[in-house]
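Participant: For reference, the sequence and a predicted model appear below.
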Amino acid sequence: MQVREVLALPSLAGAQVVAGTEGLDREVLWSHVVDMPDPVRWVRPGFMLLITGFGWPKDARTERMQISGLAAAGVAAVGLGVPQYVEHFSGDAREEADRAGLPLIEIPWEIPFAQIMEELHRAVMARPYRIIERSEQIHRALTRAAVRNASLADLAKSLCALIGRSVTFEDPDGKLLAHCSVDGAQDAVREETLRHSQTPAQMMDALHSSGMLRHIHASEKPLRIAAMPQVGSASRVVCPIRIGSELVGLVWILEGEAPLSELDHRAAEHAALVAAIHIAHQRELAQLEARLGYASFLSLLESESARPVTEERVRLLGFDPRGRYRVGIVVVPEDLPLSREAVLRRDRVAARVRDALKQLGVEQLVTVNLNHVPFLLPEDKPVEPITNAFGDASLSMVFGQVHSGAAGVRTSYREALSLLSYRHREPVCYYEDLLVPRVIMGDTGARETFLNDLFAPLRARKSGTQLAQALLALARGGFKFREAAAALGIHPNTLRYRLDRATQALGIDLDDADVRFRLQLASRLLDLENRAW
């Protein structure tokens, strides 16, 4: 137990630490009473030395030497009974103890040393049993979480509650998999990690340059990472998650004001073991799904009510729930049901898509479904490496628009599916490019998207309805300014003001022929359906 824990014993309730407060984390293994001029050779590392002051040196030089010798011998703390023989530790003694980080404790004389020793020895002897018992409780709690098929987020919450520290689970490259926070237990690195779902580059660079990243990847036990103020990192403990010899993740625990105990380290190891089992299980499921013809994120694409476990599984595969993606579908021209040769051809196409995504440096989120090969492409990556990956003119490709998160991916997937009947027009079709032609051909879904995309920035504005009505009146009147103002019953200057605000909000130019066409088309659609914008 630590010196600060010893000070919490009932017998030391009136004791006072007068120096060496930096050493309060020293481990106390036992206590001993030595009242002779040179007690150094009678103590052992980890002993708390109790003295009455009878044999304590009187001159400053000898006193400093004795404090220095006790600290070098590994004494955990020195407790002095006051004020019978010595009224207080002298200024020289306190100064030397502060330098050496050796706690000096003044104990009221009326407290028997025998009582202190009895309480301390009982606590020291009981501590291993408490640690073992608590460790078993933690192990059972985390194991129960795994048996309940809990997600990594559930595991993080369990560990966070058990040890009272902020916890994150990350993959080996620092991508956030799950987290749980204790109120107020944050530092700049953790805040940045939670904000961007990725350990900051400066933190990774600091770990690499210091050699700690290599030690982390090679270790099988928890490691303490000292604070790095230059990158905004407080001290923390990291525990590798391994499946066999493969590093598959890391458990990070923020220390806070007090270092983690042996029990906390054991809890981290238990959590890493359970996380390894969980990740291995998710991998096995993903492999099984791939063999059955659908990957984990296909459920995310097709289901409006994807379970957290499904979303976690695709995160393990590399999906960023905060990222922006478009869904692409490569269509293999094979009749259904697929023959064995057709299945092999489809799988070769999927492999080419994976290779193209790998060349782009992004996760290969590719699946297969019947004669389709859907995949996810991040917003900032070009489509040309994908469209140019095939030398087969019979293949066609359709793309939905870019959207955010899991719900956005499902929207983009539906948009891509809606283009399948138009794929014969062009080898590569984009939802946004075919929107107007599909509206003209009577596509209901395209009509709603067209109107929403055209006026969406105005819907959130307080005066958005007035601005939209001004645009539509102008379009209905053949873009004749005075006629539009008369139709609305407003002054021309008022119409001009509203049109200026509307065009700024929508980012359009009313002199652009395409903009005029779209506004006129929108006005005709709304008139046809006899509804407001």
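Facilitator: Yep, that arrived. Numbers count the residues shown, from 1 in each chain.
Participant: Please enumerate the strands of the stretch 401-533 of the chain.
Facilitator: With DSSP state E, counting those that start in this stretch, the ranges of strands along the stretch 401-533 of the chain come out as 403-404, 428-430.
Participant: Now mean pLDDT too, for those, in JSON lines please.
Facilitator: Shown next, in JSON lines, are the strands of the stretch 401-533 of the chain (pLDDT from 0 to 100):
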{"stretch": "strand 403-404", "mean pLDDT": "90"}
{"stretch": "strand 428-430", "mean pLDDT": "89"}
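Participant: Count the residues that sit near residue 106.
Facilitator: By other CB atoms under 10 Å, the residues close to residue 106 number 21. The way it works is simple: take the backbone N, C-alpha and C, and place the C-beta from them, glycine included.
Participant: next one: residue 391
Facilitator: With other CB under 10 Å as criterion, residue 391 counts 7.
Participant: How about residues contacting the helix or strand where residue 207 lies?
Facilitator: Assigned by DSSP states H and E, residue 207 belongs to helix 201-210. Here helix 201-210 makes contact (CB atoms under 8 Å, 6 or more residues apart in numbering) with 174, 189, 192, 213-214, 216, 225, 228, 230-231, 233.
Participant: run the last query once more with 6 Å
Facilitator: For helix 201-210, contacts defined as CB atoms under 6 Å, 6 or more residues apart in numbering pick out 174, 189, 213, 228, 231, 233.
Participant: ok, now stretch 12-25?
Facilitator: Against stretch 12-25 from outside (CB under 6 Å, 6+ apart): 2-4, 89, 94, 97-98, 101-108.
Participant: Send over that stretch as CSV, restricted to the C-alpha atoms.
Facilitator: What follows is stretch 12-25, C-alpha atoms only, in CSV (Å, rounded to 0.1, in the frame of the first residue of the first chain):
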residue,chain,number,x,y,z
LEU,A,12,-2.9,8.3,12.0
ALA,A,13,-6.0,10.5,11.8
GLY,A,14,-4.1,13.3,13.7
ALA,A,15,-0.8,12.8,12.0
GLN,A,16,0.6,15.6,9.7
VAL,A,17,2.9,15.3,6.7
VAL,A,18,5.5,18.1,7.0
ALA,A,19,7.9,17.3,4.1
GLY,A,20,8.5,15.0,1.2
THR,A,21,5.0,15.1,-0.2
GLU,A,22,6.3,14.0,-3.6
GLY,A,23,7.0,10.6,-2.1
LEU,A,24,3.4,9.9,-0.9
ASP,A,25,3.1,7.3,-3.7
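Participant: Make a markdown table out of the contacts of helix 201-210 and add secondary structure, neighbour count and distance to residue 156.
Facilitator: Output for the contacts of helix 201-210, formatted as a markdown table (DSSP: H, G, I helix; E, B strand; the rest coil; neighbours: other CB atoms under 10 Å; distance: CB to CB, whole Å):
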| residue | secondary structure | neighbour count | distance to residue 156 |
| --- | --- | --- | --- |
| 174 | coil | 19 | 16 |
| 189 | helix | 21 | 17 |
| 213 | helix | 17 | 22 |
| 228 | strand | 19 | 23 |
| 231 | helix | 18 | 23 |
| 233 | strand | 23 | 19 |
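Participant: Which of those residues sits closest to residue 279?
Facilitator: residue 174 (16.0 Å; CB to CB).
Participant: measure the closest residue in space to that closest one that isn't next to it in sequence to residue 250 for me?
Facilitator: Using CB to CB, 6 or more residues apart in numbering and skipping the chain neighbours, the partner closest in space to residue 174 is residue 199 (3.3 Å). Counting by CB to CB, to the nearest Å, the separation of residue 199 from residue 250 is 9 Å.
Participant: Any idea which of the strands of the stretch 401-533 of the chain gets closest to residue 380?
Facilitator: Among the strands of the stretch 401-533 of the chain, strand 403-404 comes nearest to residue 380, with 13.1 Å by CB to CB.
Participant: What are the contacting residues of stretch 410-420?
Facilitator: 301, 326-327, 329, 398, 400-401, 403, 429, 431, 445.
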